[in-house]
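Q: pasting the sequence and the predicted coordinates here, then a few questions.
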Amino acid sequence: DAGVIQSPRHEVTEMGQEVTLRCKPISGHDYLFWYRQTMMRGLELLIYFNNNVPIDDSGMPEDRFSAKMPNASFSTLKIQPSEPRDSAVYFCASRRTAEAFFGQGTRLTVV
Amino acid sequence: KQEVTQIPAALSVPEGENLVLNCSFTDSAIYNLQWFRQDPGKGLTSLLLIQSSQREQTSGRLNASLDKSSGRSTLYIAASQPGDSATYLCAVSPPLVFGKGTRLSVIA
């Protein structure tokens, strides 16, 4: 298996633009997690899904952030409109039973 | 709400030394605890997973213990090497909440 795949690896965008981050979990995994990592706040859990259903989105910082999981093999995290303070590394992770596996992350820079 | 704390935030040791990293959590009703390693600019690599019914897990020079009732876990690294230099993070489930990590430097 190729592991958790995130795209793009790097994204630079202007303030106010819409940004869409993508994640393909490991086949057969039924949990999917989205995180944001910054130096100040560490790894923050934004939202997680079980069997494509959002279970807890209390970590989503603002209404500008939204996440979807239309099927078991794909999820998106959208920021609209983006702001400079959204600059961070965004990680996706998936798991089936207990052990979670992470993608390589998307480094987002909003200028 | 589950909160995870890791102490120390940073640690520098000479090569060959044995060391212990600490992780504590506020809610003892966990399913499992997982230790990860993160190299600069990289993703997270799973090191060890301990189920709530287990007391410890071992992989090579790494040994992780879990005391669920006291809300604590330790990661023991034996005979440290410069290649062990990285940030070590612990995470508890449910759902999968992280501490801020311990940045380890092993000096040759």
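A: Good, I have the coordinates.
Q: from here on, contacts and neighbour counts on C-alpha atoms
A: Noted.
Q: show the contacting residues for the closest residue in space to residue A:74 that isn't next to it in sequence.
A: Of all residues not flanking residue A:74 in the chain, residue A:24 sits nearest, at 4.8 Å (Cα to Cα, 6 or more residues apart in numbering or on different chains). Neighbour list for residue A:24: A:4-6, A:73-75 [criterion: Cα atoms under 8 Å, 6 or more residues apart in numbering or on different chains].
Q: closest one to residue A:54 out of these, please.
A: residue A:75 (10.9 Å; Cα to Cα).
Q: which residue packs closest to that closest one, ignoring adjacent ones?
A: Residue A:75 sits nearest to residue A:69 (Cα to Cα, 6+ apart), 4.3 Å away.
Q: SS state for residue A:85?
A: Three-state call for residue A:85 (DSSP: H, G, I helix; E, B strand; the rest coil): helix.
Q: any idea how far residue A:14 is from it?
A: Plainly put, residue A:85 is 12 Å away from residue A:14 if you go by Cα to Cα, to the nearest Å.
Q: can you check residue A:72 too?
A: For residue A:72, the distance to residue A:14 - Cα to Cα - is 31 Å.
Q: which one's more surrounded, residue A:85 and residue A:14?
A: residue A:14 (14 against 10; other Cα atoms under 10 Å in any protein chain shown).
Q: tell me the contacts of the more buried one?
A: So residue A:14 contacts A:82, A:110-111 (Cα under 8 Å, 6+ apart).
Q: which residue ranges of chain B form strands?
A: B:4-7, B:10-14, B:19-25, B:32-38, B:44-51, B:56-59, B:62-67, B:72-77, B:86-93, B:97-98, B:102-107 (DSSP state E).
Q: now those strands as JSON lines including mean neighbour count, distance to chain A and mean pLDDT?
A: Shown next, in JSON lines, are these (neighbours: other Cα atoms under 10 Å in any protein chain shown; distance: least, Cα to the nearest Cα, whole Å; pLDDT from 0 to 100):
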{"stretch": "strand B:4-7", "mean neighbour count": "20", "distance to chain A": "11", "mean pLDDT": "96"}
{"stretch": "strand B:10-14", "mean neighbour count": "15", "distance to chain A": "13", "mean pLDDT": "97"}
{"stretch": "strand B:19-25", "mean neighbour count": "21", "distance to chain A": "15", "mean pLDDT": "97"}
{"stretch": "strand B:32-38", "mean neighbour count": "22", "distance to chain A": "7", "mean pLDDT": "97"}
{"stretch": "strand B:44-51", "mean neighbour count": "20", "distance to chain A": "6", "mean pLDDT": "96"}
{"stretch": "strand B:56-59", "mean neighbour count": "14", "distance to chain A": "13", "mean pLDDT": "96"}
{"stretch": "strand B:62-67", "mean neighbour count": "19", "distance to chain A": "15", "mean pLDDT": "97"}
{"stretch": "strand B:72-77", "mean neighbour count": "21", "distance to chain A": "17", "mean pLDDT": "98"}
{"stretch": "strand B:86-93", "mean neighbour count": "24", "distance to chain A": "8", "mean pLDDT": "97"}
{"stretch": "strand B:97-98", "mean neighbour count": "23", "distance to chain A": "6", "mean pLDDT": "96"}
{"stretch": "strand B:102-107", "mean neighbour count": "19", "distance to chain A": "11", "mean pLDDT": "98"}
